[in-house]
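Asks: need a structure here:
(one chain, ligands or ions: 1)
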Amino acid sequence: MVELQTEQDQALEALAAAGDADALEAWRIAWLGSKGRLKGLMGKIKDVAPEDRAAFGQGMNALKTTLESAWADRQQDGEPDVAPLDVTEPGTAAQAGCRHVITKTIEDMLDVFGRMGFTPVTGPELEDERHNFTALNIPDAHPAREPIDNFYLGDGRMLRSQTSTVQIRVLDDTPPPVRIVAAGRVYRPDTHDATHYSMFHQVEGLYVDRNVTIVDLKSTLLAFAHAFFGEEAEVRMRPSFFPFTEPSAEVDMKMKIKGQWQWVELGGCGMVDPNVLREVGIDPEEWTGFAFGLGVERIAMRKHGIADIRWLYENDERFLRRF
Ligand code: FA5
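Replies: As a prediction, the model looks like this:
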């Protein structure tokens, strides 16, 4: 009986030391298997004195039960069924989204103008004709109002065709001095080609104060060009016409494209027309201002060497992930 107790102690010690599924199975074969230690002990019954055999048999049964249930316990809380985790294996890269190149361009532009003291504001994309045309000194019969050039909803509302609408929204509510920048979508039924889309983005700037001159306009645009395209960038203003500015100009910026310096048209600008100031109740004898509207897609295309505006809106991830 003393020997059985020693056997039991040894067996349980070995079971506790079995660290994985293979070791557990080896233990089972060694102790409970058909040629295992327990079987060997059973065979010793013939060497036991006849009067002790009953006690030895009971002792053997108890030992067998103890070892079997100890093994079953280990099986239950033993190894999980799943393959062990190999932390050294290369992982699968997470597919995180990224911001659109136009969103990033707008943020960068607002950042540059913000540092020049322009406060970012927004205005609605769904507009009325007063904000899109009338208050901007665009008369009823002006060709810019043609249905073929605008998205009218038929109830007096329209999708704004330019962010200059925000000039009126701000000046209606805010007495000068005013220095704002407004970024957003605009809509025109233009035929899609490499440089035109029917929905695109503009960044509008407006500065109204005492003694604002065209020199302030040009220096603001030049400072923007330097911050955005580098110190070597230049700005050129070509005389043009917008009903809401006088004088008016197209803004070109000279930038390096594939190693070559080129002039690129980025938007329109000018001194706020006195009629616009009068419309919003501001005295043009006391206040003057400048405004500009820059095409964001054209700027992003130039900055990143994108040849076709349509690629921006095809949602091809391979293209969008480049930026
Ligand atoms: C205007 O929209 C004026 N509101 C700009 C302005 C603001 C002038 C303040 C004076 C004072 P224009 O129609 O030229 O101007 O458009 C400005 C810029 O928008 C263009 O130079 C171009 O960069 C961009 N643009 C115009 N049409 C499209 C189009 N279909 N697709 C992509 N970009 C366009």
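Asks: enumerate the residues of this structure near the ligand.
Replies: 162, 164, 188, 190, 196-197, 200, 202, 204, 242, 245, 248, 265-270, 291-293, 295, 297-298, 309 (Cβ under 6 Å from any ligand atom). Any C-beta I mention is one placed from the backbone N, CA and C, and that applies to glycine too.
Asks: give me the buried entries from those.
Replies: Among the residues of the chain next to the ligand, those scoring as buried are 162, 164, 188, 197, 200, 202, 204, 242, 245, 248, 266-270, 291-293, 295, 297-298, 309 (criterion: 16 or more other Cβ atoms under 10 Å).
Asks: check this protein for the residue nearest the ligand and tell me.
Replies: The ligand sits closest to residue 295 of the chain, with a gap of 2.1 Å, by Cβ to the nearest ligand atom.
Asks: who does that residue form a beta bridge with?
Replies: Counting by DSSP bridges, residue 295 is bridged to residue 202.
Asks: so it touches residue 268, yeah?
Replies: No - between residue 295 and residue 268 there is no contact under Cβ atoms under 8 Å: 9.2 Å.
Asks: so where's this protein uncertain?
Replies: 77-81 (pLDDT under 70).
Asks: for the nearest residue to residue 213 once chain neighbours are set aside, give me phi and psi.
Replies: Excluding its sequence neighbours, the residue lying closest to residue 213 (Cβ to Cβ, 6 or more residues apart in numbering) is residue 288, at 7.3 Å. Dihedral angles of residue 288 (phi, psi; degrees, to the nearest 10) stand at phi -130, psi 170.
Asks: ok, residue 249 next?
Replies: Dihedral angles (degrees, to the nearest 10) for residue 249: phi -150, psi 160.
Asks: packing partners of the host helix or strand of residue 29?
Replies: For residue 29, the host element (DSSP states H and E) is helix 21-32. Using 3 or more Cβ pairs under 8 Å, 6 or more residues apart in numbering; DSSP states H and E, the elements in contact with helix 21-32 are helix 2-17, helix 37-43, helix 53-76.
Asks: format these as JSON lines; extra columns: distance to residue 108.
Replies: Below are these laid out as JSON lines (distance: least, Cβ to Cβ, whole Å):
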{"stretch": "helix 2-17", "distance to residue 108": "64"}
{"stretch": "helix 37-43", "distance to residue 108": "78"}
{"stretch": "helix 53-76", "distance to residue 108": "61"}
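Asks: just put these in CSV and tack on mean neighbour count.
Replies: Formatted as CSV, these follow (neighbours: other Cβ atoms under 10 Å):
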stretch, mean neighbour count
helix 2-17, 13
helix 37-43, 14
helix 53-76, 14
